[in-house]
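S.K.: My questions concern the predicted model and sequence given below.
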Amino acid sequence: MRFDSGRVCLDLVATERIRDGDGLRTWLAGAGLVPDRTPLARVGPDWVAAFQALSRDVEALVRAELDGAEPEEAALARVNALAAGPPPGLCAVRDQDGHLVRELCGGVECGALLAAVARDAVELLTDPGDLALLRACAGDGCARLYLDTSRGHRRRWCSSELCGNRERVARHRRRARAGAGAGAGAGAGVTRALPMGGSGVGVVGAPVGRE
């Protein structure tokens, strides 16, 4: 499933599984960058490489913001250059049933789609309100970025069902192990008295004698 971060540029950063044209076509449609049923036959390795490069640049800039560091100037220049290009043009056309549907004017162009994502990155980086909501997932081994629009802004994970659930399971196991260890430690320090047939009291682990 496509990760919904709250911004399309952050969605791209989360697309670690885009490795080929099929993956990119699926993401472009899922992210809403192209209307439904848009032919994407031209998407190839050069497109994949271009979107991967943009993803790396956006991630570098966003993480610099999170860390309070200066942005990487080369990455910023590349994102700005892409954002300066014209985004895709939308047209309303009639389908076979006579209904108006959206279509990209002039076809699908890689540069135009890159421009749309780069512009979203520029808007994010220059919006103090959205930057204040910027978070990195606290899940172990996960560093997905997202906007925390939850009530109270206390969201910790990219997904409560995935990273959140894994953290809850791990926490439960840690508590269970700690409880088992504490029980074993307490038991090791207790001696148990056994009746000795009226002749005395024996202690487990100690020699039994008579009075």
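M.R.: Everything's here; your move. This structure is a prediction, so every number in the text was calculated from the model and none was measured.
S.K.: What residues does the closest residue to residue 43 other than its chain neighbours make contact with?
M.R.: Spatial nearest neighbour of residue 43, chain neighbours left out: residue 21 (4.6 Å); criterion: CB to CB, 6 or more residues apart in numbering. In this view, the C-beta of every residue, glycine as well, is placed from N, C-alpha and C. By CB atoms under 8 Å, 6 or more residues apart in numbering, residue 21 lies in contact with 43-45, 47-48.
S.K.: Walk me through the domains of the chain.
M.R.: 8-131, 133-176 (automatic domain parsing).
S.K.: Buried deepest among those, which one?
M.R.: domain 8-131 (a mean of 16; mean count of other CB atoms under 10 Å).
S.K.: Quick one: distance of that one to the chain centre.
M.R.: 17 Å (CA atoms, centre = their mean, to the nearest Å).
S.K.: Distance across it, terminal residue to terminal residue?
M.R.: Using CA to CA, to the nearest Å, one end of domain 8-131 lies 14 Å from the other.
S.K.: For stretch 117-128, what does the pLDDT average out to?
M.R.: The average pLDDT within stretch 117-128 is 97.
S.K.: For it, give me every contacting residue.
M.R.: Residues outside stretch 117-128 that contact it (CB under 8 Å, 6+ apart) are 7-10, 12, 33, 51, 54, 58, 61-62, 65, 71, 79-80, 82-83, 85, 87, 130-131, 134.
S.K.: Try it again at 7 Å.
M.R.: 7-9, 12, 54, 58, 61, 65, 79-80, 82-83, 87, 130 (CB atoms under 7 Å, 6 or more residues apart in numbering).
S.K.: Lowest mean pLDDT across the domains of the chain, which one is that?
M.R.: domain 133-176 (a mean of 77).
S.K.: ok, which stretches of the chain are helices?
M.R.: For the chain, the helices defined by DSSP state H cover 8-13, 21-30, 45-67, 73-83, 110-125, 128-132, 165-188.
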